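Colleague: I would like to see how this sequence folds:
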Amino acid sequence: RYANFPAISLAWAMHEENFIKDNVSWLSQLKIKAGWGQVGNQDALDPNVFLNTLAKIAYTYGLDPEVLVGVYPDQLANKDIKWETVEDYSATLDLGFLEDKITLTTAMFSKRTKDMIMLKSYPFFSGYPNFEAMVWSNIGSVKSNGYEITLGYNDYKGDFRWKADLNFTHVKTTAMELADNVPYYDAWWGDYVTKTEEGQIVGQFWGYKTNGLFQNQTDINGHTDENGMLLQPDAKPGDVRFVDYNKDGVIDDDDKTYIGSGQPDFTMGLNLSGSYKNFDVSVALYASVGAEVFNATKWEWEWGANNSNTLAGVYEEAWHGEGTSNSVPILDLNDNNQNYDKISDLYVENGDYMKIRNIQVGYTFNNIRKVKNFRIYFNVDNPFVFSKYKVLDPELYGSVTTQNIDWGANYYKPIIYSFGLTFKF
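Modeller: Numbers count the residues shown, from 1 in each chain. All right, here's what the predicted structure looks like:
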């Protein structure tokens, strides 16, 4: 199979024009750029997607048990699948002032991914209605709109030199079209953690809203429908109070709603460097603001499911009497209220963080015999993380529909200390 993916870009260096050079001496750079292009993508695609395949399965059968081996339809072919296409529009403005002592770059972009290739559940008529039975499909399109601003400053005074580059990025990804206009659920965890539907932010967390904890029986008796019937008759003090979101007098799937998003409001990077005579130092920082984390580790590391060990301090933070907590429920494995079994905003936490990714300090010796310069440096990678999220590394990854879910395997990147030498002859 083949397809065509065209692209075009234009740029105008206006600072090279005489009407700028002769009249605006303080403006050292003025460039406008615009581009459009398409890129094809099939990286996620199983090469056997066009084939119907069978798999073996063993089954014990009969009064005199005998192991029989049979076959079953393992994969249904999707011969209609086509290239996933990413279409980009961008416009950029580059500015430089005072011989580029100060620089500013602003960019606006729109990226639309059409015919997204993802796994989709088999239809029931396939004869294999298992929730794990999936087929590669073109499920729809998403659009990412955003902007990026980069501000730079470099200067010197005598033997001092310094430079700073600040980068600020905002991106939001929205679902534009989905196959058959059917919402796409992802991240199965006894139930689906995320939901994507047309017109909404992609991959938002989906579940129940909560309103603190029941502190006593009076709180439970007061949580009723309009007829005075208890909304959570199995609850006890210390349990989670779930919100009857649609106000129909029943806490059920119809009360689920969006409870958070793993997409940040913005990300930011800052690179600082400076030198004095032969000494030099540099620091690189990165921050993410506005994203939330779905902390799936709470099921085991807070509640203690599967006889798991819990995090230090959980027993002191959990509800153990009236007024002791309004956020960490009573730790009882006999969870009739489904405090931890229901996917709710109990699992959603602030995902803001700032990291110092790198610090480096060096000293350069000049003209030592036949060596022009000889530099010695000390380097530290990942030395500091600042975040309210204390379980594991808050910098999480995942697909566009499963972003910022902590399954308990995202350990902090190691702090690496290194020492180096460089020579120039």
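Colleague: for the helix or strand where Trp162 lies, packing partners?
Modeller: Secondary structure assignment for Trp162, by DSSP states H and E: strand 160-178. Counting contacts by 3 or more C-beta pairs under 8 Å, 6 or more residues apart in numbering; DSSP states H and E, strand 160-178 packs against strand 140-157, strand 266-276. Placement of C-beta: from N, CA and C, glycine included.
Colleague: ok, then the element right after it?
Modeller: Following strand 160-178 in sequence, per DSSP H and E, is strand 184-188.
Colleague: from the chain's centroid, how far away is that following strand?
Modeller: The chain centre lies 15 Å from the centre of strand 184-188; the measure is C-alpha atoms, centre = their mean, to the nearest Å.
Colleague: tell me which strands that strand pairs with, and in which orientation.
Modeller: Its sheet considered, strand 184-188 pairs with strand 192-196 (antiparallel) by DSSP bridges.
Colleague: I'd like the next helix or strand past the strand it pairs with.
Modeller: Sequence order places strand 204-207 as the next helix or strand after strand 192-196, per DSSP H and E.
Colleague: can you list the buried residues in the helix or strand just after that next one?
Modeller: Using DSSP H and E, the helix or strand that directly follows strand 204-207 along the chain is strand 210-213. Neighbour-count burial for strand 210-213, counted by 16 or more other C-beta atoms under 10 Å, picks out 210, 213.
Colleague: show me the strands in the stretch 251-400 of the chain, by range?
Modeller: In the stretch 251-400 of the chain, the strands defined using DSSP state E, counting those that start in this stretch lie at 257-260, 266-276, 279-289, 292-295, 348-350, 353-368, 371-387.
Colleague: of those strands, which stretch is the most buried?
Modeller: strand 292-295 (a mean of 26; mean count of other C-beta atoms under 10 Å).
Colleague: for it, what is the average pLDDT?
Modeller: Taken as a whole, strand 292-295 has a mean pLDDT of 96.
Colleague: quick one: strands adjacent to it?
Modeller: When DSSP bridges is applied, strand 292-295 pairs with strand 348-350 (antiparallel), strand 405-406 (parallel).
Colleague: and Val67, bridged to which residues?
Modeller: As for beta bridges, Val67 partners with Thr60 under DSSP bridges.
Colleague: how close does it sit to Ala55?
Modeller: Using C-beta to C-beta, to the nearest Å, Val67 is found at 16 Å from Ala55.
Colleague: and what of Gln29?
Modeller: Note on Gln29: its distance to Ala55, by C-beta to C-beta, is 61 Å.
Colleague: between the two, which one's more packed in?
Modeller: Remark: of Gln29 and Ala55, Gln29 carries more neighbours, 18 against 10, as counted by other C-beta atoms under 10 Å.
Colleague: in this structure, what spans have low per-residue confidence?
Modeller: Counting by pLDDT under 70, the chain has low-confidence residues at 42-46, 121-133.
Colleague: contacts for the helix of greatest length in it?
Modeller: Across the chain, the helix with the greatest residue count (assigned by DSSP state H) is helix 217-222. When contacts are defined by C-beta atoms under 8 Å, 6 or more residues apart in numbering, helix 217-222 is touched by residues 214, 230, 232, 235-237, 239, 241.
Colleague: in the residues you listed, find the pair that's most separated.
Modeller: Distance extremes for the contacts of helix 217-222: the farthest pair is Leu230 and Pro237 at 14.0 Å, using C-beta to C-beta.
Colleague: could I get the strands paired with strand 292-295 as CSV with distance to Met268?
Modeller: Output for the strands paired with strand 292-295, formatted as CSV (distance: least, C-beta to C-beta, whole Å):
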stretch, distance to Met268
strand 348-350, 17
strand 405-406, 22
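Colleague: Leu93 is nearest to which of those strands?
Modeller: strand 348-350 (34.1 Å).
Colleague: what comes into contact with the closest one?
Modeller: 205, 259-260, 292-295, 388-389.
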